[in-house]
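**Student:** sharing a model prediction with you, sequence too.
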Protein chains: 2
Amino acid sequence: MVEDDASPKIQVCILMFQGHDVLDYAGPYEVFANILRNPDAEFPEQVFDITLIADDSVIQSSRNLCVNRHLSIEDAYTRIVDYDILIIPGGPVRTLNALCERNGPEVKFLRAYASLPPRPQRRERVILSVCTGALLLGCTQLLRGRRATTHHKALDVLRHVCYNEEATGEQATEVIKARYVDGGFLDNGTRIVTSGGISSGIDASLYVLSLVAGREMAAIAGQIMDFDRSSSLRNIEGND
Amino acid sequence: MVEDDASPKIQVCILMFQGHDVLDYAGPYEVFANILRNPDAEFPEQVFDITLIADDSVIQSSRNLCVNRHLSIEDAYTRIVDYDILIIPGGPVRTLNALCERNGPEVKFLRAYASLPPRPQRRERVILSVCTGALLLGCTQLLRGRRATTHHKALDVLRHVCYNEEATGEQATEVIKARYVDGGFLDNGTRIVTSGGISSGIDASLYVLSLVAGREMAAIAGQIMDFDRSSSLRNIEGND
């Protein structure tokens, strides 16, 4: 892929695993993939470079749809500092619980990304969870002291995952029902956004798009996709 | 997959091709995949069996995401009478135009499906196009004498594809801007539904779901996906 040095592509990394939900990554993928430098051109130039990373080369959804990764998680470490946005899709609760308990490559990569040194001169990094992907953020303590959301049927599970006797007061997680929640920044300046069930990942992606590329761009993306952006919870944006 | 003879799975076939748009099939996939006989069970039993068919074993989207087919188009002919719903995703206009001009396996399969003998004793068949997938329906004359829609930027292209000097009056196609349009039935009782841009395929799928499994089921599916079904164009439903 040809890089334009003057304005390099914004790097999106999607952390995939066996048993994910299809729309959780496909919605965000479509949002970011449709942003072009040269709309209507014969050979479109994408503004975002999107990389699916996974431990296995073929990743099967919870409902038997198989996609191919672009890169192994191991190889993704060599580029980890370049990823501007890390997206964590969800899946059935038992799948996410198993990922947390296993403490495997997915959890380790998320931890490593969340622990990167600050880069004050460059674009802010964003971690975006979709649906029950928030459980992975919860079990790695990234939601401490923040507001967060997840699929409406998994709100109590997320509360349970985030609950810790040491994590009270300012360290507690406020789990709310919302389309998406901007949970503010980690100490290294990485923003944490969590979204509700499945399709709300599209709304959350449009929100993240507006942060990194402007509100106008997000409006254009919504138009391209014929997506009526949910306005019901815009007041949840920017609570930091 | 174990079939329950008393109530066999409803068969959904998605006709894939190189250069499709991801959300065009992923949205409908998620809608139908989430309908379960036994909600909340450890081992969910899907009501719909969804098969991605394609000429190539790996199918790359217009933006570099690769999925694996379940079945070749050639092998799908052995099951063609069993498919209850055939979904045609879209992609860039030039990709769909090339498919129409090539008159290859995709067009031939669509023609064969649309020409199946009636099955009055069983569930009605449905052909559902998403986004520019409507161009494939147009070039195979399936939209003659109907109302239809497509991505709002491709309305004129669809008009051009459907235009034919012989197809005037009752044979003309009325191309309108809509979230989705129920275009009525072919002579063999197969219903033709077209949808607008990308995410509206989710709305159209929920509509088709309501036809084959009831409105209550469609409402449940929307809830599972946290999807606010667009109500703006419900008056386009059921014009036959």
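**Tutor:** The structure has been received and is ready for your questions.
**Student:** quick check: next helix or strand after the helix or strand A:Tyr113 falls within?
**Tutor:** Using DSSP states H and E, A:Tyr113 sits within helix A:105-114. Next helix or strand after helix A:105-114 toward the C-terminus (DSSP H and E): strand A:126-129.
**Student:** so where does A:Tyr207 fall, helix or strand?
**Tutor:** Following DSSP H and E, one finds A:Tyr207 within helix A:200-213.
**Student:** and the following helix or strand past that helix, what's buried?
**Tutor:** The helix or strand immediately downstream of helix A:200-213 is helix A:215-224, counting by DSSP H and E. By 16 or more other CB atoms under 10 Å in any protein chain shown, the buried positions in helix A:215-224 come out as A:Ala218, A:Ile220, A:Ala221, A:Gly222, A:Ile224. The way it works is simple: take the backbone N, C-alpha and C, and place the C-beta from them, glycine included.
**Student:** quick one: the nearest residue in space to the first one that is not next to it in sequence and chain B, what's the gap?
**Tutor:** Of all residues not flanking A:Ala218 in the chain, A:Ser210 sits nearest, at 3.8 Å (CB to CB, 6 or more residues apart in numbering or on different chains). From A:Ser210 over to chain B the distance is 17 Å, taken as CB to the nearest CB, to the nearest Å.
**Student:** who are the packing partners of the helix holding A:Tyr113?
**Tutor:** Judged by 3 or more CB pairs under 8 Å, 6 or more residues apart in numbering or on different chains; DSSP states H and E, helix A:105-114 is in contact with strand A:10-15, helix A:73-76, strand A:85-88, helix A:93-102, strand A:126-129, helix A:134-139.
**Student:** ok, now with 7 Å
**Tutor:** Judged by 3 or more CB pairs under 7 Å, 6 or more residues apart in numbering or on different chains; DSSP states H and E, helix A:105-114 is in contact with strand A:10-15, helix A:73-76, helix A:93-102, helix A:134-139.
**Student:** which of the buried residues of helix A:215-224 sits closest to chain B?
**Tutor:** Nearest to chain B among the buried residues of helix A:215-224: A:Ile224, at 7.0 Å, using CB to the nearest CB.
**Student:** was I right to think that closest one contacts A:Phe32?
**Tutor:** No - counting by CB atoms under 7 Å, A:Ile224 does not reach A:Phe32; the two are 11.6 Å apart.
**Student:** contact partners for the residue in chain A sticking out farthest from the centre?
**Tutor:** The centre of chain A is farthest from one residue, A:Glu42, which by CA atoms, centre = their mean lies 30.0 Å away. With CB atoms under 7 Å, 6 or more residues apart in numbering or on different chains as the criterion, no residue contacts A:Glu42.
**Student:** for it, helix, strand, or coil?
**Tutor:** Taking DSSP: H, G, I helix; E, B strand; the rest coil as the rule, one finds A:Glu42 in the coil state.
**Student:** per-residue pLDDT, it?
**Tutor:** Per-residue confidence (pLDDT) for A:Glu42: 72.
**Student:** please apply the same query to A:Ala6.
**Tutor:** You'll see A:Ala6 listed with a pLDDT of 54.
**Student:** ditto for A:Leu36
**Tutor:** For A:Leu36, the predicted pLDDT is 87.
**Student:** for chain A, which residues are neighbours of chain B?
**Tutor:** A:22-23, A:26-27, A:29-30, A:33, A:46, A:58, A:63, A:65-68, A:152, A:196-200, A:202, A:224-228, A:230 (CB under 7 Å from any CB of the partner chain).
**Student:** pLDDT below threshold where in chain A?
**Tutor:** For chain A, the stretches with pLDDT under 70 are A:1-6, A:41, A:165-168, A:228-240.
**Student:** again, only using 50
**Tutor:** Residue ranges of chain A with pLDDT under 50: A:1-5, A:231-240.
**Student:** how about the closest residue to A:Asp24 other than its chain neighbours, phi and psi?
**Tutor:** In this structure, A:Asp24 finds its nearest non-sequential neighbour in A:Pro89, 3.4 Å apart by CB to CB, 6+ apart. When read as degrees, to the nearest 10, the backbone of A:Pro89 gives phi -70, psi 170.
**Student:** what about A:Pro89, how many neighbours?
**Tutor:** Using other CB atoms under 10 Å in any protein chain shown, A:Pro89 is surrounded by 30 other residues.
**Student:** state the distance from it to chain B.
**Tutor:** In terms of CB to the nearest CB, A:Pro89 sits 12 Å off from chain B.
**Student:** repeat that for A:Tyr83.
**Tutor:** Note on A:Tyr83: its distance to chain B, by CB to the nearest CB, is 17 Å.
**Student:** look up phi and psi at that residue.
**Tutor:** A:Tyr83 adopts backbone torsions of phi -70, psi 120, taken as degrees, to the nearest 10.
**Student:** can you count the residues close to it?
**Tutor:** Neighbours of A:Tyr83 using other CB under 10 Å come to 23.
**Student:** now for the closest residue to it other than its chain neighbours: which residues touch it?
**Tutor:** Spatial nearest neighbour of A:Tyr83, excluding adjacent residues (CB to CB, 6+ apart): A:Cys13 at 4.1 Å. Each residue near A:Cys13 by CB under 7 Å, 6+ apart is listed here: A:Thr51, A:Ile53, A:Ala76, A:Tyr83, A:Leu86.
**Student:** if the last one is in a bridge, with which residues?
**Tutor:** When you say that, I think you mean A:Leu86. Beta bridges link A:Leu86 to A:Cys13, A:Ile127, judged by DSSP bridges.
**Student:** got the contact list for it?
**Tutor:** Per CB under 7 Å, 6+ apart, neighbours of A:Leu86: A:Cys13, A:Leu15, A:Tyr113, A:Ile127.
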